[in-house]
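J.: need a 3D model of the following:
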Amino acid sequence: MALPTPELHTARLRLRPFTDADAGPLYALHSSAHVLRYWDSPPWTEPVRAQRFMASSRTIEEEGTGTRVAVDRVSDGAFIGWCGLTRWDPDFRSASLGYILDADAWGHGYATETAHAVLRWAFDTLDLNRVQAETDTRNAASARVLEKLGFVREGTLREDCVVNGEVSDSWVFGLLRREWHSAAGR
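T.: Numbers count the residues shown, from 1 in each chain. The predicted model follows:
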């Protein structure tokens, strides 16, 4: 069963399916060592990786295992990153959340706004019961985003990744449907 990529809007952002025009900005995002300093795969060194990523995004949509949306800032139309749900399991009503934004977009609340829109869509449309997210334990900013969204830190995956040649730990966060709906304004 396919999982169509949604088009979502917030006051400041547009979340939409990837297009061929996103290849350049997507490559720039994923080739930045600064942006990927806590990411569990190295920066891209070949522009073709952007095309592969977008093809992979279409594949998970067609297989019904997830969806990824490109994120544009409404004020200037600039591509600032992406957000996605992967490992969607309709039987267990669960999925995993991931996101990455350009460094120039950090500190403006865009990650929280983006993830909130995706979560609202996911809980309402996919009838999810649980969303999980993981972040490197050194990535305090990402942990704050998840906590603002209502995620609870559930544990630590010890030495589960190698980031920039260094073994690192990850925090596991979970958000349950009842917690999402009981949060203020949802």
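
J.: could you pull out the helices for the protein?
T.: For the chain, helices defined by DSSP state H occupy the ranges 23-30, 48-63, 110-125, 140-148, 177-182.

J.: ranges for the strands of this structure?
T.: Ranges of strands within the chain are 8-9, 13-16, 67-73, 79-89, 94-101, 130-136, 152-163, 166-176, based on DSSP state E.

J.: quick one on the thing from earlier: need the helices of the chain in a markdown table (columns: mean neighbour count, mean pLDDT and distance to Thr86).
T.: Where you see a C-beta, it was placed from the backbone N, CA and C, and this is true even at glycine. Converted to a markdown table, these look like this (neighbours: other C-beta atoms under 10 Å; pLDDT from 0 to 100; distance: least, C-beta to C-beta, whole Å):
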| stretch | mean neighbour count | mean pLDDT | distance to Thr86 |
| --- | --- | --- | --- |
| helix 23-30 | 19 | 97 | 16 |
| helix 48-63 | 15 | 94 | 6 |
| helix 110-125 | 20 | 95 | 11 |
| helix 140-148 | 17 | 96 | 16 |
| helix 177-182 | 14 | 90 | 18 |
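
J.: about what we covered before: of all the strands of the chain, which lies closest to His30?
T.: Smallest distance to His30 across the strands of the chain (C-beta to C-beta): 7.6 Å, for strand 94-101.
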